[in-house]
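Chemist: got a sequence here, can you build the structure:
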Amino acid sequence: MQTLTLNDGHRIPVIGFGTYRGIGEEGTKAVAKAVEIGYRLIDTAAVYQNEKEVGEGIRQSGIDRNEIFLTSKLARNKLGYSSAKEELEKSLDRLKVDYVDLYLIHWPANARNFSHWKEVNNETWRALEECQKEGKIKSIGVSNFWPEHLNPLLDSCEIIPSVNQIEFHPGYRQTEVVQFCTEKNILIEGWSPLAKGQALKNGTIRRMAEKYKKTEAQICLRWATEQKVIPIPKSVHPKRIMENFQIFDFKLSKEDIHTINEMPQMGFSGELPNDW
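Modeler: Presented below is the predicted three-dimensional model:
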């Protein structure tokens, strides 16, 4: 598995396995299958309500825990110093692990929900910094943060976020966020990398799939990795889980990358950090 180096020195796989909506026995089997295939970055969150299934899937895979890069996230209705620490303990208990490799603030506090939203983000982050020093988290990061949320955090933090996980796919690249994070040495992970399935129906993507003799999903995922964005595709179907992983035996031309970069908006989730 190819890896990238985070700003804290830890290495992270260049593709992840998403578990959103992977619940029950089906979710457990999907995680176990993903690890068997070769995925080492497994991504979950408290709000997905499947941390127990994810932990069980990892155990059923038979792969040593130390070989897995396990991510979970703090729910946006649990922000705050004390709450963040309590929620991490709950996640560790549900996963049945002693630590997570990456823990993210799932969504930033905003002015619609907090009168002092900057302070809420800062205090939440301080809790994560302390948990990292205690060894309960290897790397700490954020999710769905824009520069306006990151700047106050960077002004007060002791440890710079290692990751910002954002919506990133053909038709929605968030170029300003990506550029800002790149300049700050914060690695980008991309959720919804297939544009909610819209990219799979796109004529341009389909023509590229024919050209490279790959699936439409493989084109989208390879496009992301070639920009040093870590895509987090999700599926519970073994065939698709396998296909999504088979993206390292080809490269897109610069012209094709540019073509995808210039695509008009499609597949946008409608989720924005200041609107929740």
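
Chemist: from here on, contacts and neighbour counts on C-alpha atoms
Modeler: Will do.

Chemist: how about the contacts made by Ala84?
Modeler: Residues in contact with Ala84 (Cα atoms under 8 Å, 6 or more residues apart in numbering) are 74, 78, 124, 127-128.

Chemist: how near is it to Arg11?
Modeler: Taking Cα to Cα, to the nearest Å as the measure, Ala84 falls 25 Å from Arg11.

Chemist: equivalent analysis for Val54, please.
Modeler: In this view, Val54 and Arg11 are 21 Å apart by Cα to Cα.

Chemist: over to His169?
Modeler: Where Arg11 is concerned, His169 sits at a distance of 23 Å (Cα to Cα).

Chemist: more crowded one of these two?
Modeler: His169 (28 against 15; other Cα atoms under 10 Å).

Chemist: which residues touch the more buried one?
Modeler: Taking Cα under 8 Å, 6+ apart as the criterion, His169 is in contact with 190-195, 220, 224.

Chemist: which strand residues bridge it?
Modeler: Tyr172 (DSSP bridges).

Chemist: for the remainder of this discussion, apply numbering that starts at 564.
Modeler: Happy to do that; since the first residue is 564 now, the last one works out to His732.

Chemist: model confidence score at it, please.
Modeler: His732 carries a pLDDT value of 98.

Chemist: could you pick out the longest helix of the protein?
Modeler: When the chain is parsed with DSSP state H, its longest helix is helix 680-696.

Chemist: and Leu567, that one's in a strand?
Modeler: Yes. Assignment of Leu567 by DSSP: H, G, I helix; E, B strand; the rest coil places it within a strand.

Chemist: who's in contact with it?
Modeler: Leu567 touches 574-577, counting by Cα under 8 Å, 6+ apart.

Chemist: how about these, which pair is most distant?
Modeler: Arg574 and Val577 (9.4 Å; Cα to Cα).

Chemist: how many other residues sit next to Ala597?
Modeler: Ala597 - counted by other Cα under 10 Å - has 27 other residues nearby.
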